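>>> What follows is a predicted structure for the sequence shown.
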Amino acid sequence: DVKVTQSSRYLVKRTGEKVFLECVQDMDHENMFWYRQDPGLGLRLIYFSYDVKMKEKGDIPEGYSVSREKKERFSLILESASTNQTSMYLCASGTEGAQETQYFGPGTRLLVL
Amino acid sequence: GENVEQHPSTLSVQEGDSAVIKCTYSDSASNYFPWYKQELGKGPQLIIDIRSNVGEKKDQRIAVTLNKTAKHFSLHITETQPEDSAVYFCAASTGNNDMRFGAGTRLTVKP
């Protein structure tokens, strides 16, 4: 089975803090994704990566950055957390090609005070 | 870019009844349409998908239909059970890392 793990299930941070969310997949997938999930808005893509050290902006990249130093690990960074970044963050991984199925981690619920 | 709309946002059915969730998409180049189920406290899990060269696909109590001309696709769950209660997401993709998701449908199956 594909396994995508996220470093934390719940996080509480203060405004202005630097926040790291880590994601690891064990299926040697080329593609990895970060989404945020908010009620009524579904899943919105923040960033994705199709290879080590490669990244592409999604629909809502402002206020976020990412890092992919190893194929299995994709990190989401909030340089200076703000209250409007309180959300559920979901990481996913997937293979290349037309099938493009994505496999999700359990999510990290982030609260910024 | 792709825009996916999903209806209804909430759906309540009696156990044993059928449930239908509908999605429309905007990009005629989209060719892959997965459906995900998200249970409380978990990430979304793929439950069924369909490609554009197929009009219908079935897996036990779950079926998906696709109408490429009208650019809409639907999820059908028959003989619903309480464990089907979850949030369901549709998505559409052209295969170029551009998958976009609907806003989700919260399905409640009442025993």
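Yep, it's here. Residues are numbered from 1 along each chain as shown, chains lettered A, B, ... in the order given.

>>> From now on I want contacts and neighbour counts done on CA atoms only, so please keep to that.
OK.

>>> what are the ranges of the strands in chain B?
Listed in chain order, the strands of chain B (DSSP state E) span B:4-7, B:10-14, B:19-25, B:32-38, B:45-51, B:56-59, B:62-67, B:72-77, B:86-92, B:100-101, B:105-110.

>>> which residues of the chain score low on pLDDT?
Chain wasn't specified; assuming chain A. A:1-2, A:97-99 (pLDDT under 70).

>>> looking at the strands of chain B, which is closest to A:Glu22?
Proximity to A:Glu22 (CA to CA) singles out strand B:45-51 among the strands of chain B, at 19.6 Å.

>>> Which residues belonging to that closest one are considered buried?
Residues of strand B:45-51 classed as buried by neighbour count (16 or more other CA atoms under 10 Å in any protein chain shown): B:Gln45, B:Leu46, B:Ile48, B:Asp49, B:Ile50, B:Arg51.

>>> In a markdown table, list the residues you listed along with distance to chain A and pLDDT.
Output for those, formatted as a markdown table (distance: CA to the nearest CA, whole Å; pLDDT from 0 to 100):
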| residue | distance to chain A | pLDDT |
| --- | --- | --- |
| B:Gln45 | 7 | 94 |
| B:Leu46 | 7 | 93 |
| B:Ile48 | 10 | 96 |
| B:Asp49 | 9 | 93 |
| B:Ile50 | 10 | 93 |
| B:Arg51 | 8 | 90 |
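
>>> right, and the pair among these with maximum separation?
B:Gln45 and B:Arg51 (17.8 Å).

>>> residue in chain A nearest to chain B?
A:Gly42 (3.7 Å; CA to the nearest CA).

>>> ok, the closest residue to chain A within chain B - contacts?
As assessed by CA to the nearest CA, chain A sits closest to B:Ala103 within chain B, at 3.7 Å. Residues in contact with B:Ala103, defined by CA atoms under 8 Å, 6 or more residues apart in numbering or on different chains, are A:Gly40, A:Leu41, A:Gly42, A:Leu43, B:Glu5, B:Gln6, B:Ser9, B:Phe89.

>>> with the residues you listed in mind, which one is nearest to A:Gly107?
A:Leu43 (11.7 Å).

>>> Would you double-check that that closest one falls in a helix?
No: A:Leu43: not assigned to a helix; according to DSSP: H, G, I helix; E, B strand; the rest coil it is strand.

>>> List the contacts of the residue lying closest to it once chain neighbours are set aside.
Nearest non-adjacent residue to A:Leu43, counting by CA to CA, 6 or more residues apart in numbering or on different chains: A:Gln37, 4.7 Å away. Residues near A:Gln37 by CA under 8 Å, 6+ apart: A:Leu43, A:Arg44, A:Ser87, A:Met88, A:Tyr89, A:Leu90.

>>> Pull up the pairing partners for the particular helix or strand that has the last one in it, direction included.
Same thing as A:Leu90. Using DSSP states H and E, A:Leu90 sits within strand A:87-94. Strand A:87-94 pairs in its sheet with strand A:31-38 (antiparallel), strand A:102-104 (antiparallel), strand A:108-112 (antiparallel), by DSSP bridges.

>>> Let me have these in a markdown table, adding distance to A:Lys13 as columns.
Output for the strands paired with strand A:87-94, formatted as a markdown table (distance: least, CA to CA, whole Å):
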| stretch | distance to A:Lys13 |
| --- | --- |
| strand A:31-38 | 17 |
| strand A:102-104 | 24 |
| strand A:108-112 | 5 |
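
>>> Can you check the distance spanned by stretch B:20-34, start to finish?
End-to-end distance of stretch B:20-34 (CA to CA, to the nearest Å): 15 Å.

>>> Please enumerate the strands of chain A.
A:4-6, A:10-13, A:19-25, A:31-38, A:42-49, A:56-57, A:65-70, A:73-78, A:87-94, A:102-104, A:108-112.
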